[in-house]
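A.B. asks: Give me a model of this one.
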Amino acid sequence: MNLEHIKTNSRMVYQVIRRAYSCTFNELQRLTHLGNTELCLALAQLLQDSKIEQGKNQQGVYYQLAT
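C.D. replies: Reported below is the predicted structural model:
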């Protein structure tokens, strides 16, 4: 998997989070149809770029747009 593929996936994940406000890993996987590794790499790219934040509540870990 190359960097361009990761960036393409991260743009897709960002759009999903933008529409839904916050999503769990499982929700993102269901909505994007990405595998575990692809989704993890996309989330890592977005976290590194400070575009999203990771949080935790009673339901578990979630992702939302950075504030």
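A.B. asks: and Glu27, how many neighbours?
C.D. replies: 15 (other C-beta atoms under 10 Å). In short, each C-beta sits where N, CA and C put it, glycine included.
A.B. asks: The helix or strand harbouring it: which residues count as buried?
C.D. replies: Using DSSP states H and E, Glu27 sits in helix 25-32. Under the neighbour-count criterion of 16 or more other C-beta atoms under 10 Å, helix 25-32 has Phe25, Leu28, Gln29, Leu31, Thr32 buried.
A.B. asks: tell me, what residue is most central in this structure?
C.D. replies: Taking C-alpha atoms, centre = their mean, the centroid of the chain lies closest to Leu43, which sits 4.0 Å from it.
A.B. asks: Now the element after the helix or strand that contains that residue, going C-ward?
C.D. replies: Here Leu43 sits within helix 36-48, counting by DSSP H and E. As assigned by DSSP H and E, the chain's next helix or strand after helix 36-48 is strand 52-57.
A.B. asks: Contacts for the longest helix anywhere in the chain next, please.
C.D. replies: In the chain, assigned by DSSP state H, the helix with the most residues is helix 3-20. The contact list for helix 3-20 (C-beta atoms under 8 Å, 6 or more residues apart in numbering) reads 23, 27-28, 31-32, 34, 38-39, 41-43, 45-46, 49, 51-52, 63-65.
A.B. asks: now stretch 29-40, how far from the centre of its chain.
C.D. replies: 8 Å (C-alpha atoms, centre = their mean, to the nearest Å).
A.B. asks: Report how far apart the opening and closing residues of it are.
C.D. replies: 10 Å (C-alpha to C-alpha, to the nearest Å).
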